[in-house]
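J.: sequence? don't have it. structure:
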């Protein structure tokens, strides 16, 4: 699946998108945040406070317990500040 | 007549008068147009702000605005709706966002414009970075924006 990062999540990780293949036991957004956070220092920094991270699956907002099975594109970003 | 929403995300500035004219031209079913424009402030809590840089999530930003436009049109009898959100670097005093709502009577247009702005601020995937005297920093989300959006879900 493709993952995208925005704003300071993108800056901390140092990339705007990548393709990942998480193991089968990574089932939810929360699981995926935990898995990503262990990929290195930059990821650990980006995901150090999981409760502030917002997520979207295929362009729709989702909650941390949302299942990621079948997702084409998952995005992680800080709370939005548009308008 | 059912409204078709105009939704644009663009780097270029917009001309409010031209956008209102585009919405109302040739129409006789519009009795009210409400215009909200968000403008880049030159200071925040006493700190000078030279500019903002707006980042967005292409694809999702358009989808979120369209979803909220649909909700607004189902909730109020609107005869026209435009949302334009700028991205990229925006200097103090420049336009950031425009919401136009048209209706036969003013109340629907006022309420729908406020609803849309509250929802866009809390849910549309855009992020602001400020350029101040001390450097640049991502703008923190404000709790009162979430509260402003949440009040529309109360019946």
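T.: Great, that's in hand. Just so we're clear, the structure is a prediction, and the values are computed from it rather than from any experiment.

J.: tell me the pLDDT of the nearest residue to residue A:35 once chain neighbours are set aside.
T.: Nearest non-adjacent residue to residue A:35, counting by Cβ to Cβ, 6 or more residues apart in numbering or on different chains: residue A:26, 4.8 Å away. Where C-beta positions appear, they are placed from N, C-alpha and C, glycine not excepted. Per-residue pLDDT puts residue A:26 at 98.

J.: quick check: residue A:26 touching residue A:33?
T.: No - checked against Cβ atoms under 8 Å, the pair residue A:26 and residue A:33 is beyond contact range at 9.6 Å.

J.: ok, back up a step: so the residue nearest to residue A:35, which of the three states?
T.: Of the three states, residue A:26 takes coil according to DSSP: H, G, I helix; E, B strand; the rest coil.

J.: for residue A:48, see how far away it is.
T.: Distance from residue A:26 to residue A:48, counting by Cβ to Cβ, to the nearest Å: 19 Å.

J.: do residue A:16 as well
T.: Applying Cβ to Cβ, the value for residue A:16 to residue A:48 is 19 Å.

J.: what's the answer for residue B:147, then?
T.: Using Cβ to Cβ, residue B:147 is found at 26 Å from residue A:48.

J.: between the two ends of stretch B:82-91, how far is it?
T.: 23 Å (Cα to Cα, to the nearest Å).

J.: that one: which residues count as buried?
T.: B:82, B:83, B:84, B:85, B:86, B:87, B:90 (16 or more other Cβ atoms under 10 Å in any protein chain shown).

J.: of these, which belong to helices?
T.: The helices, defined by DSSP state H, take in nothing from those.

J.: which parts of chain A sit against chain B?
T.: A:4, A:6-8, A:56, A:59-61, A:75, A:77-83 (Cβ under 8 Å from any Cβ of the partner chain).

J.: which residue does chain A bring closest to chain B?
T.: Relative to chain B, the nearest point of chain A is residue A:82 (2.7 Å; Cβ to the nearest Cβ).

J.: could you give the number of residues near that residue?
T.: Number of residues near residue A:82 (other Cβ atoms under 10 Å in any protein chain shown) recorded here: 26.

J.: just say helix, strand or coil for it.
T.: Applying three-state DSSP: residue A:82 is coil.

J.: quick one: it and residue B:126 touch, right?
T.: Yes - counting by Cβ under 8 Å, residue A:82 does reach residue B:126; the two are 2.7 Å apart.

J.: what do the two both touch?
T.: Common contacts of residue A:82 and residue B:126, defined by Cβ atoms under 8 Å, 6 or more residues apart in numbering or on different chains, comprise B:54, B:56, B:61, B:85.
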